[in-house]
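Undergrad: From the sequence below, what's the structure:
(chains A and B)
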Amino acid sequence: MKISLCNRHLSPLQRRTMQLFGANLALAAVLSLTTRDLFKDGHVTAQLLYFMALLPTIPVIGIITVVGRYLGRETDEFIRALVVQSLLWGLGITFAVDTYLGGLFAHPQIFRLIPILNIDLFCVSVGVAVRIQLWRNR
Amino acid sequence: MNNQLRVLRAERGWSQADLAAQLQVSRQSVNAIETGRFDPSLPLAFKLARLFSTSIEQIFRDEA
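TA: Numbers count the residues shown, from 1 in each chain, chains lettered A, B, ... in the order given. You can find the predicted model right below:
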């Protein structure tokens, strides 16, 4: 079983997980931005509003499922511990950034220039944390 | 937790990759255990003991 910073050394399970993770991440970005654009018009019915607001949660549930599936099937306990630590780093960074931006955007003169997506921030943070941990334990 | 893994491995002339392949774990796992950054679970500790034909206590020593 080889683990390294290079994708070609990933196990089939890890490669599949990365593919599913990436697909859900892209879907999250597309659905969140599409929904946001639709809501800008303001011409949506209440039923459509509730339905559309639910759509971006699908990839979020997908990502949690993908990670859960991976952790359940990964036989290397050290790598499993490393991934769990990275997930905690991802959660911490997401909460910290979200709290900071939430406070910042509460000010009336500061506009939401960039639509920050929590799930994207979480996934990127986890990815960076995994890379750093693998580099530290190379 | 102190361990004799590096010594036992060196006695047999195995690389970390060789040991990892026999344990069916990553080389990083072996490295982390050897350097004391990660304590293995009981099943993995028993696997190591079986592989080196010794007891867990001979491989792992409590620092306390």
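Undergrad: who are the neighbours in contact with the residue in chain A positioned nearest to chain B?
TA: Proximity of chain A to chain B (Cβ to the nearest Cβ) peaks at A:Phe78, 3.7 Å away. Using the backbone N, CA and C atoms, a C-beta is placed for each residue, glycine as well. For A:Phe78, the contacting residues are A:137, B:25-26, B:28-29, B:32-33, B:38, B:40, by Cβ atoms under 8 Å, 6 or more residues apart in numbering or on different chains.
Undergrad: quick one: the strands in chain B?
TA: With strands called from DSSP state E, chain B shows them at B:2-3, B:60-61.
Undergrad: Model confidence at A:Pro115, what's the number?
TA: A:Pro115 carries a pLDDT value of 57.
Undergrad: who touches A:Gly62 in this structure?
TA: Contacts of A:Gly62 (Cβ under 8 Å, 6+ apart): A:20, A:24, A:27.
Undergrad: So which residues on chain B come close to chain A?
TA: B:20-21, B:24-29, B:31-33, B:37-38, B:40-41, B:44 (Cβ under 8 Å from any Cβ of the partner chain).
Undergrad: From these, list just the buried residues.
TA: Neighbour-count burial (16 or more other Cβ atoms under 10 Å in any protein chain shown) applied to those gives B:20-21, B:25-29, B:31-33, B:38, B:40, B:44.
Undergrad: How much space separates the nearest residue to the residue of chain A closest to chain B once chain neighbours are set aside from B:Phe38?
TA: In this structure, A:Phe78 finds its nearest non-sequential neighbour in B:Ser29, 3.7 Å apart by Cβ to Cβ, 6 or more residues apart in numbering or on different chains. Distance of B:Ser29 to B:Phe38, computed by Cβ to Cβ, to the nearest Å: 7 Å.
Undergrad: Which residue ranges of chain B form helices?
TA: Assigned by DSSP state H, the helices in chain B fall at B:5-12, B:16-23, B:27-34, B:42-51, B:56-59.
Undergrad: Any figure for the gap between A:Ser125 and A:Ala29?
TA: According to Cβ to Cβ, A:Ser125 and A:Ala29 sit 15 Å apart.
Undergrad: Same check on A:Leu87?
TA: 20 Å.
Undergrad: Equivalent analysis for B:Ala32, please.
TA: Taken as Cβ to Cβ, the span from B:Ala32 to A:Ala29 is 34 Å.
Undergrad: Could you point out the helix or strand that follows the strand or helix carrying A:Gly103?
TA: Assigned by DSSP states H and E, A:Gly103 belongs to helix A:77-105. Remark: after helix A:77-105, the chain's next helix or strand is helix A:118-136, criterion DSSP H and E.
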